[in-house]
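S.K.: Dropping a prediction and its sequence here:
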Amino acid sequence: MKAVRFHEYGTPDVLRFEDVDQPVPGAGEVRIRVAATSFNPVDGNIRAGYMQGPIPVALPHTLGSDVAGTIDALGDGVTGLQVGDQVIAALPLTSVGAAAEYALAPAGLLAKAPAGIALADAAGLPLVGLTAWQALFDHAKLTTGQRVLINGAGGAVGGYAVQLAKNAGAYVIAVAGPGSSRQAEEAGADEIHGHGIPELTETVDVVLNLAPVTPEQLAGLVELIRDGGVLVNTTVWMPAPSDERRGVQGINLFVRPDAGQLARLVDLLDSGALRLGPTRRIPLADLATVHAEAATAPITGKVVVLPAA
Ligand SMILES: NC(=O)c1ccc[n+]([C@@H]2O[C@H](COP(=O)([O-])OP(=O)(O)OC[C@H]3O[C@@H](n4cnc5c(N)ncnc54)[C@H](OP(=O)(O)O)[C@@H]3O)[C@@H](O)[C@H]2O)c1
């Protein structure tokens, strides 16, 4: 089968579209015929070798933690799933990924695929949807009536974070650039501000930082949080600052696969309470071009990567 792998860390040209053996599911695993994986910004950092500490991978490595596809084989001991089931998952970032025609996944990480959208496009949901969910509910413990500021609201995680926070009954303040403020508006943000530290009339309970700002800007966002509030930061190359004097807690988020949370996101999509973000499709053979694009400027929307021509 075909896969995109890198044998050494480096620039996007280390990615090779090559033949590899079809994987065989072990106990507790399924094999998925991949409809698509997706590109996440962290993929570029893994390929470049910047994440060898927090996300160690074995070389050659196949990228692609998101997967959407059809179960094609079951390993020993897998129950409750059948060949032919359409599923999605976020795979652990350290595992062999899904930038390939077939991928293995632990059965316990799978959720049924959303019903109302193309299976390939559903590959854009797991990692960013789970990041938004875990930031808001596991870490910030957002509740109805709270005020949340989302910095980077026009991005892939941000689009889901705005919708989920609105669904939870929060007042949502979005920070987004001119190219993505429309997405924040369509997602339901109550206020939209351009890049920088916005001038607010009231403090917020929660700040989510999803943007590649400087440590100084991140510290500036902490000033907007009420005493006892929370900053959740996904750009973990810089630590989330706290303000102990005021009881403001800074939290570094490391997303984790969670089939139950993913199933809830799928239910929200199926019910129309959540909308899929803007999605672009590319063939697997062109994955290196997306890495090259992302190395020069941020990618807009989700890019899903299809092994089938
Ligand atoms: N730690 C983890 O487990 C984890 C998990 C998932 C994602 N992440 C990280 O979280 C970040 C967001 O992920 P993503 O997939 O949503 O990426 P993305 O789609 O590239 O979104 C980032 C957004 O930040 C905005 N932005 C850029 N500069 C900004 C600034 N100075 N102020 C405010 N916004 C700015 C960009 O939009 P505009 O310029 O149009 O505003 C962009 O849409 C990435 O850095 C990703 O690597 C971490």
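M.R.: That came in fine, so what should we check first? Keep in mind it's a predicted model, so treat the numbers as computed, not measured.

S.K.: Mind giving me the packing neighbours of the helix or strand of the chain with the lowest mean pLDDT?
M.R.: Between all helices and strands in the chain, the lowest mean by mean pLDDT, DSSP states H and E belongs to helix 181-187, at a mean of 94. Helix 181-187 is packed against helix 156-167, strand 171-175, strand 191-193, with contacts defined by 3 or more C-beta pairs under 8 Å, 6 or more residues apart in numbering; DSSP states H and E. C-beta here means a position set from N, CA and C on the backbone, and glycine is covered the same way.

S.K.: The ligand: which of the ones you listed is closest?
M.R.: helix 156-167 (3.5 Å; C-beta to the nearest ligand atom).

S.K.: what is Ala100 paired to in the beta sheet?
M.R.: Taking DSSP bridges as the rule, Ala100 bridges to Ala3.

S.K.: Only the buried residues of stretch 239-258, if you could.
M.R.: 240, 243, 248-250, 253, 255, 257-258 (16 or more other C-beta atoms under 10 Å).

S.K.: typed the wrong thing, it's stretch 197-209
M.R.: By neighbour count on 16+ other C-beta under 10 Å, the buried set for stretch 197-209 is 197-198, 204-209.

S.K.: Output the buried residues of stretch 239-258 in JSON lines; the columns should cover distance to the ligand.
M.R.: Shown next, in JSON lines, are the buried residues of stretch 239-258 (distance: C-beta to the nearest ligand atom, whole Å):
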{"residue": "Ala240", "distance to the ligand": "10"}
{"residue": "Asp243", "distance to the ligand": "20"}
{"residue": "Val248", "distance to the ligand": "20"}
{"residue": "Gln249", "distance to the ligand": "17"}
{"residue": "Gly250", "distance to the ligand": "13"}
{"residue": "Leu253", "distance to the ligand": "5"}
{"residue": "Val255", "distance to the ligand": "4"}
{"residue": "Pro257", "distance to the ligand": "11"}
{"residue": "Asp258", "distance to the ligand": "12"}
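
S.K.: Around Glu308, how many other residues sit close by?
M.R.: Heads up, residue 308 is Ala, not Glu. By the criterion of other C-beta atoms under 10 Å, Ala308 has 11 neighbours.

S.K.: Identify the residues contacting the residue nearest the centre of the chain.
M.R.: By C-alpha atoms, centre = their mean, the chain has its centre lying nearest to Val128, at 2.1 Å. Counting by C-beta atoms under 8 Å, 6 or more residues apart in numbering, Val128 touches 40, 156-157, 160, 277, 302.

S.K.: Pick out the most distant pair among the buried residues of stretch 197-209.
M.R.: For those, with distances taken as C-beta to C-beta, the pair at the greatest spread is Ile197 and Asp205 (17.2 Å).

S.K.: Fine by me, we can end here.
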